[in-house]
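Q: The amino acid sequence is not available; the structure is as follows:
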Ligand SMILES: Nc1ncnc2c1ncn2[C@@H]1O[C@H](COP(=O)(O)OP(=O)(O)OP(=O)(O)O)[C@@H](O)[C@H]1O
């Protein structure tokens, strides 16, 4: 028996063909069996994704912000991490480190950190992760809402979202005034992430039948205090009433004000307060050098011109109190040809123009942007060297936001505040209270270049220009008059004839509201003071918003296109309104040849500045040579405008 078995065995091993066939049969049988098992156990893609999500969520409770050195130390989706990596964001900033964990865990967050410290990603990352976790699709409609105070900030946030969220499949929309409402209405219900200004969003909530926010998971209020300051409190309340209570809310700002705390109380549930720089010695970035000069009102235009002439290779933002000042001074500075490109950004421009100017200034390496406070918050222009505050800011918070346009994310920057003698004491005390380190430097009036005669000549040539100068004059006075803090702002201390002359006007225009106020002040109109010119708090707020070209509470139900066409009543005798859009486009963007400029001048100023003398080298200016108008004229409309519209409901996915 044993012999037989041995023989068979020997036979098989001896016949390789048979041997192979037997092996093949066995192999095929096993393969079939494995395939069968695989078929029954193979998971669908969505199941794998769900498991991945669950694994990430399980790690949420273990997040330790102190140990998060890289973004990948947080349990974030591969898609978000890839977007961050491609956007060159490797390590989280302090505010990101401290808030992302709470936000992922579903907590409401009130986050405050200095300007330029990276608050945008601190809320965009949780927004993306929230929708990813929910496996949100186009069919699910609105999942996250980000409300910004200005169109520019909304646009910028939208661009950052497109960058870091491009590997996700969500749709995102920019819902701001100045765009086609009908077109928006058709797409808005299919949009997963909306970035908007409050007025426009409420308009959709009221008028667009298909739009609802009942499934909203996350609300972000960026620069919340500004939204309130602009008179949007009622609009915001109305919006919040339309949102589900189960949502998560994140609220961010660089400054903590009472209104933010009030808003937080109303809109956040048991929030985590993250105030990154609470213990910091200063409230502004350490890399920012801050100085102020005291200058008479009638010398301010000369000083600005002189400053620009000595900083031709720099990127500068100049802040003004009101639109009319920006409009007038922008035009005359273009004609004065300081030797640097001059751009203007304010709320009375049409939206296309605003985006065009914004992108133009982003691209330029040296230029000066004349702006109202619409550019003060959140805007992240790259490599701004200087912020010059031509007019005193309303308060220390506005100061902090304005100077925050430079010295962003570890970069250096300089800030110069121009104060009238009557503003110095009150404003500096406020800044010290807010832990702003600022030094006084001096202006040497004899060294200033006077442009008064040139302005007079321009006004003599053009009636329109003269009217603009008058409106600038009145509008500035009104802005001072409407300021709440009378310790800083006193319109009656201003030397009006000198100020008018410094704008190129031969005589100071008659300012009706000021005359009335003066009479009231001196008691002449005591009997009928209630009827004549007394403004309530609300009216003051509304006026202020109008001055800056922003939409106020009372206007929030209007379309923002209307806002662009209206103009503030300046109480100037000649009431004819200006229409910016009638100007030739080429006149709106001025470029100058900067090639022939003398670097030395800048050196002089910087060296001298440290010696406390504002020294301008008048002799070395050669107007004809330096102020050659840029030949390129108006640029093509930036691509972003097309993207902006085209991407309205386009997937973030490329
Ligand atoms: N983790 C990061 N790594 C590298 N750069 C970053 C990071 N986070 C933000 N930045 C950059 O820092 C700059 C400032 O960021 P951001 O605009 O978010 O600041 P902010 O705190 O919102 O400022 P503001 O208070 O003025 O609105 C931007 O240019 C941004 O690209």
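A: Looks like it arrived, so ask away. Every value quoted in this text rests on a predicted model; they were computed, and no experiment measured them. Residues are numbered from 1 along each chain as shown.
Q: remind me which residues of the protein are low pLDDT?
A: Where the chain drops to pLDDT under 70, the residues are 1-13, 40-43, 445, 523-654.
Q: quick one: buried residues of stretch 54-65?
A: 56, 60, 63, 65 (16 or more other Cβ atoms under 10 Å). Backbone N, C-alpha and C define where each C-beta goes, glycine included.
Q: That stretch near the ligand at all?
A: No. Figure legend: stretch 54-65 not in contact with the ligand (Cβ under 6 Å from any ligand atom); closest approach 13.7 Å.
Q: Ends of that stretch, what's the gap?
A: Taking Cα to Cα, to the nearest Å, the span from the opening residue of stretch 54-65 to its closing residue is 21 Å.
Q: before we move on, back to that, next step: the buried residues of stretch 54-65 restricted to helices.
A: For the buried residues of stretch 54-65, membership in helices holds for 56, 60, with DSSP state H as the criterion.
Q: Among the buried residues of stretch 54-65, which one sits closest to the ligand?
A: For the buried residues of stretch 54-65, the minimum distance to the ligand (Cβ to the nearest ligand atom) is 13.7 Å, reached by residue 65.
Q: which residues make contact with the strand or helix carrying residue 428 from outside it?
A: According to DSSP states H and E, residue 428 maps onto helix 421-433. Outside helix 421-433, the residues that touch it by Cβ atoms under 8 Å, 6 or more residues apart in numbering are 292, 294, 296, 392-393, 395-396, 399, 417, 419, 438, 485, 487-490, 493-494.
Q: for that helix, which positions count as buried?
A: Of all the residues in helix 421-433, those buried under the rule 16+ other Cβ under 10 Å are 422-424, 426-428, 430-431.
Q: same thing with stretch 404-418?
A: Going by neighbour count (16+ other Cβ under 10 Å), the buried part of stretch 404-418 is 404-408, 413-418.
Q: Can you name the element that comes right after the helix holding residue 428?
A: Using DSSP H and E, the next helix or strand after helix 421-433 towards the C-terminus is strand 439-440.
Q: need the residues of the stretch 151-300 of the chain near the ligand, please.
A: When proximity is defined by Cβ under 6 Å from any ligand atom, the stretch 151-300 of the chain lies next to the ligand at residue 254.
Q: Could you pull up the residues touching whichever residue of the stretch 151-300 of the chain sits closest to the ligand?
A: Nearest residue of the stretch 151-300 of the chain to the ligand, counting by Cβ to the nearest ligand atom: residue 254, 3.7 Å away. Counting by Cβ under 8 Å, 6+ apart, residue 254 touches 112-115, 117, 119, 223, 400-401, 404.
Q: Columns secondary structure on top of those residues, output as JSON lines?
A: Putting the contacts of residue 254 into JSON lines (DSSP: H, G, I helix; E, B strand; the rest coil) gives the following:
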{"residue": "112", "secondary structure": "strand"}
{"residue": "113", "secondary structure": "coil"}
{"residue": "114", "secondary structure": "coil"}
{"residue": "115", "secondary structure": "coil"}
{"residue": "117", "secondary structure": "coil"}
{"residue": "119", "secondary structure": "helix"}
{"residue": "223", "secondary structure": "coil"}
{"residue": "400", "secondary structure": "helix"}
{"residue": "401", "secondary structure": "helix"}
{"residue": "404", "secondary structure": "coil"}
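Q: By neighbour count, which of those wins?
A: Highest neighbour count within those: residue 404, with 27 neighbours (other Cβ atoms under 10 Å).
Q: ok, now how distant is the nearest residue to that residue once chain neighbours are set aside from residue 454?
A: Excluding the flanking residues, the one nearest residue 404 by Cβ to Cβ, 6 or more residues apart in numbering is residue 115, at 2.4 Å. The span separating residue 115 from residue 454 equals 36 Å under the rule Cβ to Cβ, to the nearest Å.
Q: Tell me how many other residues crowd residue 328.
A: The burial count assigned to residue 328 is 27, neighbours taken as other Cβ under 10 Å.
Q: Correction: the previous question concerned residue 347.
A: Close neighbours of residue 347, defined as other Cβ under 10 Å, add up to 26.
Q: from memory it sits against residue 375, does it?
A: No. Between residue 347 and residue 375 there is no contact, the gap being 10.0 Å when judged by Cβ atoms under 8 Å.
Q: quick one, what contacts residue 215?
A: Under the criterion of Cβ under 8 Å, 6+ apart, the contact partners of residue 215 comprise 140-143, 244.
Q: now these in TSV, with distance to residue 281?
A: Putting the contacts of residue 215 into TSV (distance: Cβ to Cβ, whole Å) gives the following:
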residue	distance to residue 281
140	47
141	47
142	42
143	41
244	42
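Q: Tell me if I'm right that residue 361 and residue 345 touch.
A: Yes. Because the distance of 7.4 Å satisfies Cβ under 8 Å, residue 361 is recorded as touching residue 345.
Q: where do the contact lists of these two overlap?
A: Looking at what touches both residue 361 and residue 345 (by Cβ under 8 Å, 6+ apart), the common residues are residue 369.
Q: Now do the SS call for residue 289.
A: Residue 289 - assigned by three-state DSSP - is strand.
Q: An error on my part: the question was meant for residue 110.
A: Classified using three-state DSSP, residue 110 is strand.
Q: close enough to count as contact, it and residue 262?
A: No. In this structure residue 110 lies outside contact range of residue 262 using Cβ under 8 Å: 11.6 Å.
Q: more neighbours, the two?
A: Neighbour count, other Cβ under 10 Å: between residue 110 and residue 262, residue 110 has more, with 25 against 13.
Q: Any figure for the gap between that one and residue 453?
A: Between residue 110 and residue 453 the computed distance is 54 Å (Cβ to Cβ).
Q: again, but for residue 217
A: Applying Cβ to Cβ, one obtains 62 Å for the distance of residue 217 from residue 453.
Q: neighbour-wise, which of those two wins?
A: In terms of neighbours (other Cβ under 10 Å), residue 217 is the more surrounded of residue 217 and residue 453; the figures are 21 against 9.
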